[in-house]
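# I'd like to go over a predicted model; first the sequence, then the structure.
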Amino acid sequence: MAEFYKKRKKICYMCAGKEIDYKDVDTLKKYTNERGKILPRRVTGACAKHQRHIAGEIKKARIIGLLPFVK
């Protein structure tokens, strides 16, 4: 019989006191997959408010040329 494990709740990176900026490419790469798509909230663990902020920062970085649109 399968054992049940209690899933640990993911904590929003930004609610923990960290800031995300469009110039911080290494941090933004954590929120995109290998093909360059923005990962959803259920994967990243971000709250809704901060997920919108993260998506906006990724889009800014793409337009400037810091992150690719597609890999």
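Received, thanks. Not measured: the values here are computed from a predicted model.
# Contacts only, for the residue nearest to the spatial centre of the chain.
Nearest to the mean C-alpha position of the chain, by C-alpha atoms, centre = their mean, lies residue 31 at 2.8 Å. Contact analysis of residue 31 by C-beta atoms under 8 Å, 6 or more residues apart in numbering lists 38, 39, 44, 46, 54, 58. (C-beta placed from N, C-alpha, C; glycine too.)
# 10 Å instead, please
By C-beta atoms under 10 Å, 6 or more residues apart in numbering, the residues touching residue 31 are 13, 20, 37-40, 43-44, 46, 51, 54-55, 57-58.
# likewise residue 34?
Shown in contact with residue 34 (C-beta under 10 Å, 6+ apart): residue 71.
# quick thing: my sequence starts at 91, can you match it?
With the count now opening at 91, the last piece we talked about shows up as residue 124.
# For it, give me the pLDDT.
At residue 124, the pLDDT value in this model is 93.
# List the buried residues in the helix or strand hosting residue 142.
If you go by DSSP states H and E, residue 142 is part of helix 138-154. Across helix 138-154, burial judged by 16 or more other C-beta atoms under 10 Å covers 140, 141, 144, 147, 148, 151, 152.
# Please list the outside residues in contact with that helix.
With C-beta under 10 Å, 6+ apart, helix 138-154 has contacts from 102-105, 108-115, 117-122, 126-132, 134-137, 156-160.
# Among these, name the buried ones.
Buried members of those, scored by 16+ other C-beta under 10 Å, are 102-104, 110, 112, 118, 121-122, 128-129, 131, 134-137, 157.
# of all those, which comes closest to residue 96?
Of all those, residue 135 has the smallest distance to residue 96: 16.0 Å, by C-beta to C-beta.
# unless I'm mixing things up, that closest one is touching residue 97, no?
No: counting by C-beta atoms under 10 Å, residue 135 stays clear of residue 97, with 11.3 Å between them.
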